[in-house]
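Chemist: build the 3D model from these lines:
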Amino acid sequence: MTLTIRRKVTLGVVIGSRAFFSPAPCKAARDEVLAQLERLGIDAIILPYEATANGAVQSIADAELYAAHFKENRDRIDGLVICLPNFGDEIAIAELVNRAKLNVPILLQASNDEVDKVSVAERRDAFCGKLSVSNNFWQYGIPFTETTNHTSDTWGEEFGRDLDRFARTCRTVKGLTNARIGSIGARTGAFQTMRYSEKLLQASGLTVVTVDLSEMMGAAAAIPDGDPDLLAKMDKIRAYGTIPAHIQPAQIQTQAKWTLAVNRWIEENGCDASAIQCWRSLQDNFGCATCVTMSMMGEELMPSACEVDVIGAVSMYALALASGAPPALLDWNNNYAHEQDLCVCTHCGNYPKSFIGDTPEISELDVLGEVIGKSKCFGAVKGKVKPGPMTYFRLSTDDRLGRMKCYLGEGEFTDHPFPMDGGIAVTRVPNLRKLMRFVSQNGFEHHVAMVRGNHADVVHEAVTRYLGWPIYHHEAEPEPQLTFPNRF
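Modeler: As a prediction, the model looks like this:
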């Protein structure tokens, strides 16, 4: 089975036209949009040009033809791109979407007029036509995504960026409404903050698959020492980071058995992301940490959260879908002296190595190692996160209100020194006190998912336009007061 995050995005393409406008722009728009998608590595589904007049949808008959074609390809289509090279036929477009019933995101584009080409034979009027189509979408309860500007050129760089962003929005929506999250082990007893509602997740399309930690330790222990997959996993761990000389081969083997058992279970159960009981039963009863296991899966875009933080795993998965980059789960953990917008985000050692941005050290858990002995705690991935922009996101299930809720924002990792062990990320967030007030007053957990780069726009679009989860977007300019159709 190919996981959603590894599939090429496929978009249905529609060229809308009104018959008494010039047909010439229809062919050009079609060719230009398809060329943009090919350049971006996005597959397109569209009927042959000859199937309708001017290769466009401009009647109910055309709408039915396209709706039938899209329904035949329902399992492949992640979103629709609807382009209006001229005014477009609003009823045909709305009926196409209504009859196809794909329930996927829609990008609505309208082409620019040229001020020296506005004669009866040349004008487009797509500026106005887009308003007519969007009004019909509202009447039908169909949400859609806007382009950067109200009108744009199908051949232009701006529209290319819109298509790329929209494809990532489609991937995020599809991933979050079809995900399977592995929950390995019971919630750590001391962490009541990690409680969550499986039923609220299921109502949003997310399925939680559980397994007892003892079953997983038994499966790991049963792997023969000579198993070729085990030997390959040991080599992969050795190549993943710098391992101190005092670490024994037997410790690497134990860690590799655990990693292999987890990998096999996740593949067998078709999981997109996971959360693992990372301490201390595994260390006491099997003799290793699970940080490098989670780190390596995250590097392969299969996020894994520690402390059985299932909602944290979903938050990580959302960022991975939106960015295509490995995310991490961190604690909002320490202040940084008296710097108001700086804080230190940490975890023992589960960050993917490309999230850190450098080759990590793989050694023992520090705090737990002092308590139960370091020989039982090999597997922590240690390193200081390199500077650069980042996006943070946290989803939560609110049983008191019976709904999902989340917050989102952007900041940066800095190069400020901080001499603490484990995975360290010195983080700058504008108006941090306002964010922490929101987090603490609205019952959010101390864990937060982060990914390198600026990707909040994609997550925000997916959440607000299509998933319908209440969200606080920190420091973002609020949209004019709007409500959104909830048919999706």
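Chemist: could you point out which element follows the helix or strand where residue 14 lies?
Modeler: Assigned by DSSP states H and E, residue 14 falls within strand 10-15. Once the chain leaves strand 10-15, the next helix or strand it forms, by DSSP H and E, is helix 24-40.
Chemist: could you give the mean pLDDT of the one helix or strand residue 265 maps to?
Modeler: Element membership for residue 265 (DSSP H and E) is helix 249-268. When pLDDT is averaged along helix 249-268, the result is 98.
Chemist: now it: buried residues?
Modeler: 251-263, 265-266 (16 or more other Cβ atoms under 10 Å). No exception for glycine: its C-beta is placed from N, CA and C like everyone else's.
Chemist: check stretch 454-466 too.
Modeler: For stretch 454-466, the neighbour count (16+ other Cβ under 10 Å) marks 455-466 as buried.
Chemist: what's the answer for stretch 2-11, then?
Modeler: For stretch 2-11, by 16+ other Cβ under 10 Å, it's 3-5, 9-11.
Chemist: cool, and stretch 160-169?
Modeler: Quick answer for stretch 160-169 (16+ other Cβ under 10 Å): 160, 162-169.
Chemist: likewise stretch 137-155?
Modeler: Residues of stretch 137-155 classed as buried: 137, 142-145, 147, 151-154 (neighbour count, 16+ other Cβ under 10 Å).
Chemist: with secondary structure added, can I get those residues in JSON lines?
Modeler: Listed next are the buried residues of stretch 137-155 as JSON lines, based on DSSP: H, G, I helix; E, B strand; the rest coil:
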{"residue": "137", "secondary structure": "helix"}
{"residue": "142", "secondary structure": "coil"}
{"residue": "143", "secondary structure": "coil"}
{"residue": "144", "secondary structure": "coil"}
{"residue": "145", "secondary structure": "strand"}
{"residue": "147", "secondary structure": "coil"}
{"residue": "151", "secondary structure": "coil"}
{"residue": "152", "secondary structure": "strand"}
{"residue": "153", "secondary structure": "coil"}
{"residue": "154", "secondary structure": "coil"}
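Chemist: surely residue 364 and residue 289 touch.
Modeler: Yes - the criterion here is Cβ atoms under 8 Å, and residue 364 meets it with residue 289 at 7.4 Å.
Chemist: give the residues shared as contacts by the two.
Modeler: Counting by Cβ atoms under 8 Å, 6 or more residues apart in numbering, the residues touching both residue 364 and residue 289 are 377-380.
Chemist: let's see which of those end up in strands.
Modeler: 378-380 (DSSP state E).
Chemist: specify which member of the residues you listed is nearest to residue 272.
Modeler: The nearest member of those to residue 272, counting by Cβ to Cβ, is residue 379 at 22.9 Å.
Chemist: and the closest residue to the closest one other than its chain neighbours, what does it touch?
Modeler: Computed as Cβ to Cβ, 6 or more residues apart in numbering, the closest residue to residue 379 that is not its neighbour in sequence is residue 289, at 3.3 Å. Residue 289 makes contact with 255, 278-279, 282-283, 348-349, 364-365, 368, 377-380 under the criterion Cβ under 8 Å, 6+ apart.
Chemist: point me to the helix or strand that includes residue 305.
Modeler: strand 304-306.
Chemist: could you do residue 160 as well?
Modeler: Assigned by DSSP H and E, residue 160 falls in helix 157-176.
Chemist: give me the angle between the helix or strand that that helix is followed by and helix 249-268.
Modeler: As assigned by DSSP H and E, the chain's next helix or strand after helix 157-176 is strand 180-184. Interaxial angle, strand 180-184 versus helix 249-268 (axes from the mean of the first three to the mean of the last three Cα atoms, to 10 degrees): 140 degrees.
Chemist: and the helix or strand following strand 180-184, what does it pack onto?
Modeler: Once the chain leaves strand 180-184, the next helix or strand it forms, by DSSP H and E, is helix 198-203. When contacts are defined as 3 or more Cβ pairs under 8 Å, 6 or more residues apart in numbering; DSSP states H and E, helix 198-203 sits against strand 207-211, helix 310-323, strand 388-398, strand 403-413.
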